[in-house]
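A.B. asks: Based on what follows, work out the 3D shape:
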Amino acid sequence: MTILGSSVCAFASVGLPPGAAVHPHALLPVHDSVVPIFEVPVAGPVERNTCPLCGDGLVPMTLGVRKLSISGPAPPKSVGKKVAAAPGAKKAASKAVNPLFEKTPKSFGIGADVQPKRDLTRFVKWPEYVRLQRQKTILRQRLKVPPAINQFSKTLDKNTATQAFKLLSKYRPETKVEKKVRLTAAAEAKVSGAKVDAGKKPVVVKYGINHITALIEAKKAQLVLIAHDVDPIELVVWLPALCRKMGIPYAIVKGKSRLGAVVHKKTATALAITDVNAADKHELAALISAVKTNFSEKFEETRKQWGGGIMGKKSNEATAKRLRIRAKELGQK
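C.D. replies: Residues are numbered from 1 along each chain as shown. So this is what the prediction gives:
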């Protein structure tokens, strides 16, 4: 292979960088290509190479020697287009940092900084009565509840219950203070020799499970309201069936503390209305009609409905997983 001439014009087709000092034997054939040996002013260390023809060792070379094709100069490198900045975009001003204050980031690992405050409600050791009532609620959801007990989960609607308690409040029994005042006045009248007029027997709400049972059996009660949260439930579980047998309208309401407040007690299992004044006859009739529609007429339906059987999220996921595996096994067979 012939060595090309060393004139400056010979390098025009190769494309030397501007300002390069050319050696006489600049172009050498290297496997059908030429390698220009030239000096390019660059910043940084350079390497001294030896000319293969004259042995000149003072030819300054850049560390990267361009290997060019005889056919022509190398294609220019493609440079990606820079995306223009958004018009009107403001650069965030760098906040001045005081060098006197050093950042001290906290580490919440074991044995490090004090742990931050968290909601530890889940880990609180609750009182026994709280744990019992929570367990009872969950068990009622999980286990199958028989119809006789499940009927107490379906209570009277809010509007009808409000009307019922509004009527009951008109016939609250007297308090201990009122009774004491009444008996003291009667005793003073008797001592003075005046005739004591006992007056007409007041119409009041009846309470006490034994008393109410006797009134139902005697068919003297016109309406019976039963608390839904009596504990133990065995105290009143038979009462709806007795009311239905004797033809007495009944309703299950929330709750025992609200019934107890009517008769000045902490709690009450049930209340009964035996009579009302003439002005409240119409209101009582409307209330009895609504109660019969919700309870007495649905007794046959209620006595067949079981409750419970509502499983938790983890249990449902485990059941679904078992069903998927079983279906897959059946599909393979």
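
A.B. asks: Thr274 and Met246, how far apart?
C.D. replies: Distance from Thr274 to Met246, counting by CB to CB, to the nearest Å: 14 Å. In this view, the C-beta of every residue, glycine as well, is placed from N, C-alpha and C.

A.B. asks: Hmm, I typed the wrong one, I wanted Lys154.
C.D. replies: As defined by CB to CB, Lys154 lies at a distance of 21 Å from Met246.

A.B. asks: can you check Val262 too?
C.D. replies: Look at Val262 and Met246: by CB to CB, they are 23 Å apart.

A.B. asks: now Arg172
C.D. replies: Distance, Arg172 to Met246, by CB to CB: 26 Å.

A.B. asks: now swap in Gln305 and tell me
C.D. replies: 23 Å.

A.B. asks: Leu223 contacts Ala270, correct?
C.D. replies: No: using CB atoms under 8 Å, Leu223 is not in contact with Ala270; the gap is 10.8 Å.

A.B. asks: where along the stretch 201-333 of the chain do the helices fall?
C.D. replies: For the stretch 201-333 of the chain, applying DSSP state H, counting those that start in this stretch gives helices covering 209-217, 239-246, 256-262, 281-294, 299-302, 313-332.

A.B. asks: Give the other helices and strands that the first one contacts.
C.D. replies: Applying 3 or more CB pairs under 8 Å, 6 or more residues apart in numbering; DSSP states H and E, we find helix 209-217 packed against helix 239-246, strand 270-273.

A.B. asks: what angle separates the first one from helix 209-217?
C.D. replies: An angle of 20 degrees separates the directions of helix 239-246 and helix 209-217 when computed by axes from the mean of the first three to the mean of the last three CA atoms, to 10 degrees.

A.B. asks: residues in contact with stretch 203-220?
C.D. replies: 168, 171-174, 221, 224, 235-236, 239, 242-243, 246-248, 259, 262-263, 265, 268-277 (CB atoms under 8 Å, 6 or more residues apart in numbering).

A.B. asks: Among these, the buried ones, what's the PyMOL command?
C.D. replies: The buried residues among those can be selected in PyMOL (16 or more other CB atoms under 10 Å) with this line:
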select buried, resi 168+171+221+224+236+239+242+243+248+259+262+263+268+269+270+271+272+273+274+276
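
A.B. asks: Report the contact partners of the nearest residue to Leu168 once chain neighbours are set aside.
C.D. replies: Leaving out its chain neighbours, the residue that sits closest to Leu168 by CB to CB, 6 or more residues apart in numbering is Val262, at 5.0 Å. By CB under 8 Å, 6+ apart, Val262 lies in contact with 165, 168-169, 172, 205, 207, 268, 271.

A.B. asks: and those, which of them are in strands?
C.D. replies: 207, 271 (DSSP state E).

A.B. asks: Columns distance to Glu178 and pLDDT on top of the contacts of Val262, output as CSV?
C.D. replies: Below are the contacts of Val262 laid out as CSV (distance: CB to CB, whole Å; pLDDT from 0 to 100):
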residue, distance to Glu178, pLDDT
Phe165, 21, 95
Leu168, 17, 94
Ser169, 15, 93
Arg172, 10, 93
Val205, 15, 95
Tyr207, 16, 95
Ala268, 19, 96
Leu271, 19, 96
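
A.B. asks: hey, where'd the strands end up in the stretch 51-200 of the chain?
C.D. replies: Applying DSSP state E, counting those that start in this stretch to the stretch 51-200 of the chain gives strands spanning 59-61, 68-69, 144-145.

A.B. asks: mind checking which of the helices of the stretch 201-333 of the chain is nearest Lys180?
C.D. replies: helix 256-262 (20.5 Å; CB to CB).

A.B. asks: Kindly format the C-alpha coordinates of that closest one as CSV.
C.D. replies: Provided in CSV are the C-alpha atoms of helix 256-262 (Å, rounded to 0.1, in the frame of the first residue of the first chain):
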residue,chain,number,x,y,z
LYS,A,256,-82.5,-0.1,78.6
SER,A,257,-80.9,3.1,80.0
ARG,A,258,-83.4,5.3,78.0
LEU,A,259,-86.3,3.2,79.3
GLY,A,260,-84.9,3.5,82.9
ALA,A,261,-84.7,7.3,82.6
VAL,A,262,-88.5,7.5,82.0
